[in-house]
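> Sequence and predicted structure are below.
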Amino acid sequence: APLGPNVDGFEKDLAQFLGENVNVAALSAGTAALHLALIILGVKQDDEVLCQSFTFSASANPITYVGAKPVFIDSEPETWNMCPVALENAINDRISKGKKPRAIVVVHLYGMPAKLDEISQISKKYEIPLIEDAAEALGSTYKGQKCGTFGEMSILSFNGNKIITTSGGGALVSKTNEQKDKAVFLSTQARD
């Protein structure tokens, strides 16, 4: 069920586990969480979103759902995740062509944290929101901080092949309660 005391308790337990002043909205899938994160961050038709190339298609599909274009960034050999050097080069290339990216989607592939110091710094430097795809990284930490708490928004998955499973489902992790409320509103058929 999408609502009720068990879902509320699950959201609170996840927020407490992540422990970084976050808000959690339980959703139907991690893909739905990424789709809603893009919408809430204002990504629209013809925008560009920088996305890790070495990942499952669910990290890129929601970019196309909002009519935006994924721009794939290669991996670096230490973590197999998004290369900070390639990321900054791509940002500068897109800006030089008049197309500043609207978001960055970094994936913690197989639970291995990406190089978050460098990627977060680049995100802040260019004022491009960072979305963490932490679908496979629930419980992983980077320098003592839980994955899923670094980005402007983050996503988790509870699909059958994930660390913690509910057979399906996902969650959106947000910095503000307003973002969480917007996600819940949109995920429940935008009912008033």
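Perfect, thanks for sending it.
> ok, for Gly42, nearest residue in space, not its chain neighbours?
Closest residue to Gly42 apart from its sequence neighbours, by CB to CB, 6 or more residues apart in numbering: Arg102 at 7.0 Å. For the C-beta atoms, the positions are set from N, CA and C on the backbone; glycine is no exception.
> Check what pLDDT that neighbour gets.
pLDDT recorded at Arg102 is 98.
> Show the contacting residues for it.
41-44, 47-49, 68, 128-129 (CB atoms under 8 Å, 6 or more residues apart in numbering).
> quick one: it and Gly170, what's the gap?
According to CB to CB, to the nearest Å, Arg102 stands 22 Å off from Gly170.
> Contacts only, for Gly139.
111, 146, 163.
> Tell me, how many residues neighbour the residue lying closest to Ala114 once chain neighbours are set aside?
In space, and not counting its chain neighbours, Ala114 is closest to Asn81: 3.7 Å by CB to CB, 6+ apart. Asn81 has 23 neighbouring residues, counting by other CB atoms under 10 Å.
> Which secondary structure state is assigned to Tyr110?
Reduced to three states with DSSP: H, G, I helix; E, B strand; the rest coil, the structure at Tyr110 is helix.
> from memory it sits against Ala135, does it?
No - the pair Tyr110 / Ala135 is not scored as a contact, 10.5 Å apart, by CB atoms under 8 Å.
> more neighbours, the two?
Higher neighbour count among Tyr110 and Ala135: Ala135, with 31 against 11, using other CB under 10 Å.
> what about the more buried one, distance to Pro5?
Distance from Ala135 to Pro5, by CB to CB: 26 Å.
> Ala86 now?
From Ala86 over to Pro5 (counting by CB to CB), the distance is 45 Å.
> How about Ser59?
For Ser59 relative to Pro5 (CB to CB), the value is 32 Å.
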